[in-house]
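Novice: Return a 3D structure for these sequence lines:
(chains A and B)
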Amino acid sequence: MDAMVENAGLGDILEKVRKGERLSLDDGRRLYECPDILAVGYLANIVRERLNGDRAYFIYNQHVNYSNICTNLCKFCAFGKDKESPQAYQMSVEEVKEKIRERLHEPISEVHVVGGIHPDLPYSYYLDMLRGIKEVRPEIHIQGFTCVEIAHLAELAGKSVHDTLVELRDAGLGSIPGGGAEVFSPRIRQITCEKKLSGEGWLEVAKTAHRLGMQSNATMLYGHIETIDERLEHLDMLRRAQDETNGFMTFIPLAFHPKNTEMADLSRTSGIDDLRNIAVARCFLDNFPHIKGYWVMIGPKLAQVALSFGADDMDGTVKEELITHMAGGETSGVMADTDLVRLIREAGRKPVQRDTLYNVIKEF
Amino acid sequence: MDAIDKKILDGERISADEALLLANEGDLYRLGFLANAVKKRKHPEPIITYVIDRNINYTDICISACKFCAFFKAPEDKDGSVLSFAELGEKIEETKRLRGTQILLQGGLHPDKPLEFYEEMVAFMKGYDIHIHGFSPPEICHFASLSGLTVAEVITRLKKAGLDSIPGGGAEILCDRVRQETAPRKCSADEWIGVMREAHKQGMRTSATMMFGHVETMAERIEHLTRIRDLQDETGGFTAFIPWPFQSKNTVLAHIPETTGMSYLRMLALSRIFLDNVDNVQASWVTQGPKIAQLSLFFGANDFGSTMIEENVVAAAGVSFRLSEGEIRRLVQGAGFEPRQRVMDYRLVENAAA
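Specialist: Got it, this is the predicted structure:
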């Protein structure tokens, strides 16, 4: 089927991909612009199979969004609320512990803890929350606090990011999720989230974590007002950071969901947008071990297809995910592991239940 | 496998055995690339069509009780109903206001309405000057058996009353083992084909469907495709083929897991490759949602189906995707094609929405 890729005008990129050569920004642009999505997917699938074979990972996890109160109030977000909003909420440490306790009977290996930039919760709250979770479920891996939250916590603590991360780690933090990256471009941040940590700042937190031996993920929120070049600049910054520290595990392209946001007049991303972002990322980010097709964001049907367009991970069983759903995400918030296994098998892949750091828990 | 690829790319027909091999061993890209090549050969211009219409179900009362159906009401069920002509008229007027060109008219197999009732219904609708795409083969067979007339006579009379074309519904899987197991009271595979042959003979165009992903095997799906291809060789009357996966919720077969996006795309592609004599293949956004439907345009589909101002049958099985004409156009454009409104026989509508 190589001929089909050559017909699509991507013969030279195919050759590079086969040789494992790094793609240039211009190559990336051509992949974004190529009308033949099958040809782009085919290239991504080559990289995907070289790096991850037939494996498709999922995790048995739990989400805790401890508060939606946020001072950033980014225009693309339907989750964050002003403190005075009637929809604002925050969980006490005891409530967070109860969330964990409620599901002790399930084989959960990870809790994903993310919230807003809260104006007045003290630094101790976050440390207590981590310790509290570990107290209830000592073996659980806590993947928590985006780089944006970490930078905020460092300010609260009056310490360096490095020292803050050490304290958080001592309190139980295992790794850092990829959120808050959005699009690194200052132009985009100025328009959509001017109060948020800068792209450079985000990368600096991630690299600091990596140097401490803590791994993290990276995201990109696509499908709002960013240009193709801004996406590529974002991917390029991630690729260079990864060359430096090699601490990123997974890249997760996040589809913008406009409903209930200040950018609600924009359209939702299409299936081809979603697959293209996954596929280009897989080809371009040659130093990222994993690419996730997050089923909560793009739906289980497309997430399954994405396993042939570069993705090797579907995320997990996920319960009580609020951030996508506040923005009109239509997928059900929960999927049984048996359903994930079936989706993966029907995609011709081998289901692998993993832990946060991609250690194999169970092969199916 | 390479020989099969070559045949397809050279525009040669593949056999049922070759189709089965492709279905079992071809990977997603092989199926996609081949289907896309066939689609491009048949439709070299980068146009994706859609139709503006409404599904009107004149009754949900049905004696067939198919196991895969969540829509029907048994005759003794007090919740069943028949649409009044006044309601029909309102629905048609609304359709025309939305620039609709046709009504897809289908209903359950009502136990006792005489053929005259359907003739009057069609004649009444025709007063609104709209294309009537109505009565799938199981309905035609049912009318024939109730009235004691032949299928040919029923078609002639309905056509005279104003029926323009016949939808391809009720085909399910054209294999009697599967029909016995899931819909024993519905017309047989031969009878379904017989209605379509007769309709084509009388100069009526029809579409063809396949509902897959329940109790049938892959070989039986290919048997279905073969029957469509054979009749098309004979009559040339099919305008389009529309495969869609079984939606199990609220049906007797609710324990069967839903067909995944991947399996849908593979079957769509296989259909496009195998049915070399059918011009058009439709994507099914109603069952697959907008994302997979858009992707279908690279797996053999050249038509986005209908805007479905109203749809009841799939909705009864717990699926509730809705798309406006504007959203359909945007999805098509996003995939790199020009969206064009069409009518039942795939002629383009001039001066459609820009």
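Novice: Quick one: the strands in the stretch 201-350 of chain B, in order.
Specialist: Assigned by DSSP state E, counting those that start in this stretch, the stretch 201-350 of chain B shows strands spanning B:206-212, B:238-245, B:280-281, B:303-306, B:338-342.
Novice: ugh, wrong one, I meant the stretch 151-300 of chain A
Specialist: Under DSSP E, counting those that start in this stretch, the stretch 151-300 of chain A gives strands at A:173-175, A:216-222, A:248-255, A:290-291.
Novice: Which strands or helices does the longest one pack on?
Specialist: Spelled out, it's strand A:248-255. Other elements packing on strand A:248-255 under the criterion 3 or more Cβ pairs under 8 Å, 6 or more residues apart in numbering or on different chains; DSSP states H and E are strand A:216-222, helix A:228-245, helix A:271-284, strand A:290-291, helix A:295-298. For the C-beta atoms, the positions are set from N, CA and C on the backbone; glycine is no exception.
Novice: So for residue B:54, which of those sits nearest?
Specialist: Judged by Cβ to Cβ, the one of the helices and strands packed on strand A:248-255 that comes nearest to residue B:54 is helix A:271-284, at 25.6 Å.
Novice: what are the ranges of the helices in chain B?
Specialist: With DSSP state H as the criterion, chain B has helices at B:2-9, B:16-25, B:28-42, B:85-97, B:115-126, B:137-147, B:151-161, B:176-182, B:189-201, B:218-235, B:261-274, B:285-296, B:313-316, B:325-334.
Novice: Of the helices and strands packed on strand A:248-255, flag the one that's most buried.
Specialist: Stretch with highest mean neighbour count among those: helix A:271-284 (a mean of 28; mean count of other Cβ atoms under 10 Å in any protein chain shown).
Novice: count of residues packed around residue A:106?
Specialist: 12 (other Cβ atoms under 10 Å in any protein chain shown).
Novice: Sorry, slip of the keys, the one I care about is residue B:346.
Specialist: Residue B:346 has 16 neighbours, counted by other Cβ under 10 Å.
Novice: Tell me, how many residues neighbour the closest residue in space to residue B:220 that isn't next to it in sequence?
Specialist: Using Cβ to Cβ, 6 or more residues apart in numbering or on different chains and skipping residues adjacent in sequence, the residue nearest residue B:220 is residue B:175, 4.4 Å away. Residues near residue B:175, counting by other Cβ under 10 Å, number 20.
Novice: I figured residue B:175 hits residue B:222, correct?
Specialist: No - with contact defined as Cβ atoms under 8 Å, residue B:175 does not count as touching residue B:222 (9.8 Å).
Novice: Which among the helices and strands packed on strand A:248-255 is found nearest to chain B?
Specialist: helix A:271-284 (3.0 Å; Cβ to the nearest Cβ).
Novice: ok and the closest one relative to strand A:248-255, angle-wise?
Specialist: Counting by axes from the mean of the first three to the mean of the last three Cα atoms, to 10 degrees, helix A:271-284 lies at 160 degrees to strand A:248-255.
Novice: Summarise which helices and strands helix A:271-284 is packed against.
Specialist: In terms of contacts (3+ Cβ pairs under 8 Å, 6+ apart), helix A:271-284 is packed against helix A:25-33, helix A:37-52, strand A:216-222, helix A:228-245, strand A:248-255, strand A:290-291, helix A:300-306, helix B:285-296.
Novice: Recalculate using a threshold of 6 Å.
Specialist: helix A:25-33, helix A:37-52, strand A:248-255, helix A:300-306, helix B:285-296 (3 or more Cβ pairs under 6 Å, 6 or more residues apart in numbering or on different chains; DSSP states H and E).
Novice: Other residues contacting it?
Specialist: For helix A:271-284, the surrounding residues in contact (Cβ atoms under 6 Å, 6 or more residues apart in numbering or on different chains) are A:23, A:28, A:31-32, A:37, A:40-41, A:43-44, A:47-48, A:222-223, A:235, A:251, A:253, A:255, A:291, A:293, A:298, A:302, A:306, A:309-311, B:291, B:294-295, B:334-335.
Novice: ditto for stretch A:146-155
Specialist: Contacts to stretch A:146-155, defined as Cβ under 6 Å, 6+ apart, come from residues A:117, A:126, A:161, A:164, A:177, A:179, A:180, A:196, A:197, A:202, A:205, A:206.
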